[in-house]
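*Asks:* structure of the sequence below:
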Amino acid sequence: MNIYVLLKRTFDTEEKISVVNGQIDEDNAEFIINPYDEYAVEEAIQQRDAHGGEVTVVTIGNEESEKQLRTALAMGADKAVLINTEEDLDNGDQYTTSKILEAFFEGKDIDLILAGNVAIDEASGQVGPRVADLLGIPYVSTITSLKINETAVNIEKDVEGDVEVIETTLPLLVTCQQGLNDPRYPSLPGIMKAKKKPLEELELDDLDLEEDDVEAKTKTIDIFLPPEKAAGRVLEGDVTEQVKELVGLLRNEAKII
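*Replies:* Numbers count the residues shown, from 1 in each chain. Model (predicted):
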C-alpha cells in the first residue's frame with residue numbers, strides 16, 4: 001500500500017504563548033507535531049505493518065519543519081517530504097495548502113491518505129476534505145476505527161456522542177481523531193534510524209506552481225489571547241442572604257437580569 005500522512009508543525013498549546021503586534025512570537029514558542037496528526041502517523045504505520053507498503057509523511061513549511069518530519073520517521077514512517085515555501089510565500093491558508101498538496105499528489109499512486117482531524121493552531125478541519133475533493137477520492141472525517149480488507153474499508157467515526165459505521169473503498173482519505181489508537185513514542189533505535197531515512201525537499205517550482213496559483217483566499221486580521229478570567233467570588237451568609245446577594249450581582253454588575 002502507498003500510504004501518505006499530511007503532517008503539520010504547530011506550536012505547543014501546553015506551553016506559554018506570547019502574541020506580539022498581532023502575531024504569535026515564534027522565537028519563544030515550542031513547536032511539535034500537531035497532536036491529531038500523531039494519530040494519523042500511528043495509524044499509517046499500523047496499516048503498513050498489516051498490509052505491506054510504505055508510509056510517507058508530507059508537510060508544507062520551512063526548514064524548521066524538518067524536526068517534526070524526523071520525529072515521524074523515528075516513530076516508524078519510511079519517507080518524508082518537506083515542501084519548503086519559505087522563499088515563495090509570505091502567507092497562506094487552507095486553500096493554499098490544499099492546492100500545493102494537489103500538485104504534489106498529481107500522478108502518484110495513492111491508496112490511503114491520513115491527516116489529523118484538526119490542527120490545534122487554527123482548528124479549521126478543512127485541509128483533509130479539500131485535498132480529497134481536489135483529488136476526486138472519497139474521504140471520511142473524525143474516524144476512530146479503520147479496518148481494511150484488500151480494497152474494502154470499514155470505518156467508525158464520531159457523530160455527536162454516537163458512532164457511525166461506514167463502508168467504502170480505496171483510494172481514500174481519512175482524518176483521525178483521539179481514540180483511534182495510542183501514538184507510540186520514538187525509540188532510541190528509531191531516532192538513530194530516522195537520521196538515515198530519506199527526507200526529500202521540494203519547492204513550488206518543483207511542483208510547477210507559481211505563487212499566484214496558490215494565493216490565499218482569506219486574510220488574518222488580528223491574533224490575540226483571550227482575556228484573563230476574573231477571580232471568583234464566594235457568597236457569605238445563609239442561603240437567603242446568598243440568593244439576595246447573587247441576584248444583586250447579576251443585576252448590577254453582570255447586568256444580565
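*Asks:* now do the longest strand along the chain: which elements does it pack against?
*Replies:* When the chain is scanned for its longest strand (criterion: DSSP state E), the result is strand 139-149. Contacts defined by 3 or more CB pairs under 8 Å, 6 or more residues apart in numbering; DSSP states H and E place strand 139-149 against helix 35-51, helix 127-135, strand 152-159, strand 162-169, strand 172-176. (Glycine included, C-beta is placed from N, CA and C.)
*Asks:* quick one: closest of those to Ile60.
*Replies:* helix 127-135 (9.6 Å; CB to CB).
*Asks:* between that closest one and strand 139-149, how many degrees?
*Replies:* 80 degrees (axes from the mean of the first three to the mean of the last three CA atoms, to 10 degrees).
*Asks:* quick one: buried residues of helix 127-135?
*Replies:* Val127, Gly128, Pro129, Arg130, Val131, Ala132, Leu135 (16 or more other CB atoms under 10 Å).
*Asks:* quick one: it to chain centroid distance?
*Replies:* Centroid separation between helix 127-135 and its chain, computed with CA atoms, centre = their mean, to the nearest Å, is 14 Å.
*Asks:* number of nearby residues for Thr85?
*Replies:* 21 (other CB atoms under 10 Å).
*Asks:* run through who's touching the worst-scoring helix or strand of the chain on mean pLDDT.
*Replies:* Confidence across the helices and strands of the chain bottoms out at strand 23-24, with a mean of 73, counting by mean pLDDT, DSSP states H and E. Under the contact criterion CB atoms under 8 Å, 6 or more residues apart in numbering, strand 23-24 has outside partners Phe11, Ile17, Ser18, Ile223.
*Asks:* give me whichever of the helices and strands packed on strand 139-149 is most buried.
*Replies:* Among the helices and strands packed on strand 139-149, strand 172-176 has the highest mean neighbour count (mean count of other CB atoms under 10 Å), at a mean of 25.
*Asks:* pairing partners for it, with directions?
*Replies:* Strand pairing for strand 172-176, determined by DSSP bridges: strand 112-116 (parallel), strand 139-149 (parallel).
*Asks:* let's have the ones you listed in a markdown table, adding mean neighbour count, distance to Leu7 and mean pLDDT.
*Replies:* What follows is those, written out as a markdown table (neighbours: other CB atoms under 10 Å; distance: least, CB to CB, whole Å; pLDDT from 0 to 100):
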| stretch | mean neighbour count | distance to Leu7 | mean pLDDT |
| --- | --- | --- | --- |
| strand 112-116 | 27 | 8 | 97 |
| strand 139-149 | 17 | 17 | 95 |
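*Asks:* distance to Cys176 added to those strands, as JSON lines?
*Replies:* Listed next are the strands paired with strand 172-176 as JSON lines, based on distance: least, CB to CB, whole Å:
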{"stretch": "strand 112-116", "distance to Cys176": "6"}
{"stretch": "strand 139-149", "distance to Cys176": "6"}
